[in-house]
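> Got a predicted structure here, sequence first:
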Amino acid sequence: DVKVTQSSRYLVKRTGEKVFLECVQDMDHENMFWYRQDPGLGLRLIYFSYDVKMKEKGDIPEGYSVSREKKERFSLILESASTNQTSMYLCASSRAGTKSSDTQYFGPGTRLTVL
Amino acid sequence: RKEVEQDPGPFNVPEGATVAFNCTYSNSASQSFFWYRQDCRKEPKLLMSVYSSGNEDGRFTAQLNRASQYISLLIRDSKLSDSATYLCVGRTNTGNQFYFGTGTSLTVIP
């Protein structure tokens, strides 16, 4: 089974703090993704990476950066957390293919609250 | 316009009922489609892939109509445990981009 893990399930930070969210997958997937999920807005893509050291902006990259130094690890960084970044953050990974089995697998999510 | 659109519901149905969800997509580059299930405060999990020929997995049937650009999910004999949010997802033919609908909420009532 694919396993995607995230470093924290719940996190509380203060405005202005630097926040690191870590994601690790154990299936040698090429692609990794960071989303945030908010009520009524669904899943919104922040960044994705299709290879080590490669990154692409998603729909809402402002206020975020990412790092992918190793294939299995994809980090999301909030340089200076703000209250509007309070959200559920979901990491996902997928193989770089077009078979029906090459779909996304999600981590359990990190519920971040910025005070 | 969103790439993938779903009726958010909520759908409240009695146990044993049949319920259908539809989803439309606008990106003709979307090659593959999936239905995910998301329980409250949990991550989305793959329910099933959607094939042009239609596919069935137990009580669940998925259909894809490329001409009309819509995807459907049919749940027969609804169980209480089917209560969840169902997400429609499209993937581009490069395999790198996924487009999620906002989800349809289903509650099965005893």
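It's in.
> contacts and neighbour counts: CA atoms only from here.
Noted.
> ok, B:Ile109 - contacts?
By CA atoms under 8 Å, 6 or more residues apart in numbering or on different chains, B:Ile109 lies in contact with B:12-15, B:80.
> For the closest residue to chain B within chain A, which non-adjacent residue is closest in space?
In chain A, the residue that lies nearest chain B is A:Gly42 (4.2 Å; CA to the nearest CA). Closest residue to A:Gly42 apart from its sequence neighbours, by CA to CA, 6 or more residues apart in numbering or on different chains: B:Thr102 at 4.2 Å.
> can you pull the pLDDT of that neighbour?
Listed pLDDT for B:Thr102 reads 91.
> ok, it - how many residues close by?
The local packing of B:Thr102 (other CA atoms under 10 Å in any protein chain shown) involves 25 other residues.
> quick one: contacts for it?
A:40-43, B:5-6, B:8, B:87-88.
> Helix or strand: which one has the residue with the largest distance to the centre of chain A?
Most distant from the centre of chain A: A:Lys99, at 23.1 Å, with distances by CA atoms, centre = their mean. Using DSSP states H and E, A:Lys99 maps to neither a helix nor a strand.
> Distance check, the nearest residue to A:Lys13 once chain neighbours are set aside against A:Asp38.
Leaving aside its chain neighbours, A:Lys13 sits nearest to A:Val114 (4.9 Å; criterion: CA to CA, 6+ apart). Relative to A:Asp38, A:Val114 is positioned 14 Å away (CA to CA, to the nearest Å).
> Looking at those two, which has the bigger crowd around it?
A:Val114 (18 against 14).
> That one contacts A:Gly16, doesn't it?
No. Counting by CA atoms under 8 Å, A:Val114 stays clear of A:Gly16, with 9.1 Å between them.
> overlap in contacts of these two?
What both A:Val114 and A:Gly16 touch, as defined by CA under 8 Å, 6+ apart, is the set A:81-82.
> ok, back up a step: which residues touch the residue farthest from the centre of chain A?
For A:Lys99, the contact set (CA under 8 Å, 6+ apart) is empty.
> what stretches of chain A score poorly on pLDDT?
Residue ranges of chain A with pLDDT under 70: A:1-2, A:100.
> For it, what lies in contact range of chain B?
Residues of chain A lying close to chain B by CA under 8 Å from any CA of the partner chain are A:31, A:40-43, A:50, A:90, A:96-98, A:100-102, A:104-109.
> Can you classify the closest residue to B:Tyr70 other than its chain neighbours by secondary structure?
Nearest residue to B:Tyr70, sequence neighbours excluded (CA to CA, 6+ apart): B:Thr24, at 4.2 Å. Secondary structure state of B:Thr24, per DSSP: H, G, I helix; E, B strand; the rest coil, is strand.
> Might one say that B:Thr24 is in contact with B:Ala67?
No. If you go by CA under 8 Å, B:Thr24 and B:Ala67 don't touch, sitting 11.1 Å apart.
> quick one, which of these two is more surrounded?
It is B:Thr24, of B:Thr24 and B:Ala67, that has more neighbours when counted by other CA under 10 Å, with 22 against 7.
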